[in-house]
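Visitor: I'd like to go over a predicted model; first the sequence, then the structure.
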Amino acid sequence: MVRTYSRTMAVMAIALPLGPTVAAVGQTRTGAADRISTDIEFLAADALEGRGVGTAGLDSAASYIAGRFEEAGLRPHHPLGFLQWFAIDSSAPAAAHAGLGGADVSNVVGVLPGWGDLASQAVVVGAHYDHLGYGGFGSLDSDSVNVVHNGADDNASGTAVMIEVARMLQARETGHARTVVFVAFTAEEMGLIGSSYYVNHPVVTSDSTYAMINLDMVGRLTDDKLAVFGAETAEEFPLLLDSINRGFAFDLAASGDGFGRSDQQSFFTAKIPVLHFFTGTHEDYHRASDDSHRTNAAGAARVAAFVAALTWNLATRIEPLTFVDAEPRQMTTSGGYGAYLGTIPDMTGSPNGVRLSGVRAGSPADEAGVRAGDIIVGIGEFDIADLYEMTDALRAHKPGQTVTVRVRRGDDVVELTATLGQRGG
């Protein structure tokens, strides 16, 4: 690990004065909805400073989650604790923009060990626990800079539901089950940084990760409407989701590939089937008004029960899942601004170019032979040092143009030929 785990005890000292201890919570709250409500209220309290990168509140949240994992019976992923420390790359675009490059942050990782023949494989259940801090970058409140953005739905709710799923699964036993890894991701709001780090430093290797479930904004269930994105990333997912939903009767909308501005994308680009649970957007999204009293804890408890049932099904399922990559985009004659290449930037850093976490299947980049891990250093006549220069280069070209894309691949610079598509297709 990049950072020592010895910070765990120091962080715990920060967290405890901000809310009830885990033991006290257990004595005063009962039932899934009450436990979820307690966790959301703690994580979305003003004292946690909006869980922004660089705040003591973010470290306090990590410590609280670690305590909840321990209470739920999960094992630390490392002998010295639940926290997976690392430093944000100073060239990460959003971090550089916010002046937070080099900040020390941590994922929180707890493990429910598997049993029998399936134990060497893993199902990952994740939720990001960071938010926007005091506003500014990412906030949709133009007049709320230096005002705490508590992020109760985004994403204290997903974190609280993930913790409840861990509680529900801890008591289950079977002869054969995959390991379930629970991860509270950091720095999602700055470009999926925590989940990208975990995919590159997993508890169970990516090629042994069976599936990933992401919980992001699941705290405002209304009219039983529950969206599940990524349902097209495994052939078996639609039927499986419908089967489980017979016991829950959600108005379930399951569709889509694994791309999106949340942590499941980091796993999807590693060719892992993913599902992202979501109860809908609202007017408080990325605003200072996203507070805990607006969440629906009873609805979140129902989501937790559904996700626990799904996770256990995936953990004990004998048959493999059939991964399905994203459908290629179609070229259009109208739409967005600029030419389309189909690359997925790795937002964790720009090492004198734009490093890629993946490419869209069937895209101009895919057809040209660009691949995950490449670093784009040039497009046509443009040299590229970062994402902003790449954006300018694509805007300077038109759909249908054929260009040379220069990528750094290991120690070599490789020239590839791509025919650009229409953005917005």
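Guide: Nice, thanks for sending it over.
Visitor: Sketch out the low-pLDDT regions of the stretch 201-350 of the chain for me.
Guide: The stretch 201-350 of the chain contains residues with pLDDT under 70 at 328-337.
Visitor: Where do the strands of it begin and end?
Guide: 209-215, 225-229, 251-255, 274-278, 339-340, 343-345 (DSSP state E, counting those that start in this stretch).
Visitor: Note down every partner strand of the helix or strand that comes right after the last one and its orientation.
Guide: Just to be clear, that refers to strand 343-345. Proceeding N to C from strand 343-345, the next assigned helix or strand is strand 354-359, under DSSP states H and E. Strand pairing for strand 354-359, using DSSP bridges, gives strand 343-345 (antiparallel), strand 375-379 (antiparallel).
Visitor: can you give me the helices for the protein?
Guide: 7-15, 22-28, 32-43, 56-71, 93-98, 158-170, 193-200, 237-245, 264-268, 297-316, 364-368, 387-395 (DSSP state H).
Visitor: Please spell out which residues along the fifth one are buried.
Guide: Think helix 93-98. For helix 93-98, burial by neighbour count (16 or more other Cβ atoms under 10 Å) applies to 93-96, 98. C-beta coordinates here come from the backbone N, C-alpha and C atoms, glycine included.
Visitor: Adding distance to Met212, write those residues out as a markdown table.
Guide: Output for the buried residues of helix 93-98, formatted as a markdown table (distance: Cβ to Cβ, whole Å):
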| residue | distance to Met212 |
| --- | --- |
| Pro93 | 24 |
| Ala94 | 22 |
| Ala95 | 24 |
| Ala96 | 28 |
| Ala98 | 27 |
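Visitor: before we move on, the earlier item: could the strands of the stretch 201-350 of the chain go into TSV alongside distance to Leu387 and mean neighbour count?
Guide: Below are the strands of the stretch 201-350 of the chain laid out as TSV (distance: least, Cβ to Cβ, whole Å; neighbours: other Cβ atoms under 10 Å):
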stretch	distance to Leu387	mean neighbour count
strand 209-215	23	27
strand 225-229	24	21
strand 251-255	29	15
strand 274-278	24	26
strand 339-340	15	23
strand 343-345	6	21
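Visitor: Could you point out which of the ones you listed sits nearest Gly52?
Guide: strand 209-215 (20.2 Å; Cβ to Cβ).
Visitor: the inter-axis angle of that closest one versus strand 225-229?
Guide: Strand 209-215 runs at 140 degrees relative to strand 225-229, counting by axes from the mean of the first three to the mean of the last three Cα atoms, to 10 degrees.
Visitor: State the paired neighbours of strand 209-215 in the sheet, together with their directions.
Guide: strand 122-128 (parallel), strand 274-278 (parallel).
Visitor: For Thr281, the count of nearby residues, please.
Guide: 13 (other Cβ atoms under 10 Å).
Visitor: wait, what's in contact with the nearest residue in space to it that is not next to it in sequence?
Guide: Nearest non-adjacent residue to Thr281, counting by Cβ to Cβ, 6 or more residues apart in numbering: Met217, 7.4 Å away. Neighbour list for Met217: 153-155, 157-158, 278-281, 285 [criterion: Cβ atoms under 8 Å, 6 or more residues apart in numbering].
Visitor: Give me the buried subset of those.
Guide: Buried, going by 16+ other Cβ under 10 Å: 153-155, 157-158, 278-280, out of these.
Visitor: Columns distance to Glu389 on top of those, output as CSV?
Guide: Shown next, in CSV, are those (distance: Cβ to Cβ, whole Å):
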residue, distance to Glu389
Asp153, 35
Asp154, 31
Asn155, 31
Ser157, 37
Gly158, 34
Phe278, 33
Thr279, 38
Gly280, 36
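Visitor: what residues go with each domain of the protein?
Guide: As recorded under automatic domain parsing, the domains making up the chain are 7-316, 339-422.
Visitor: I'm done for today, thanks for sticking with me.
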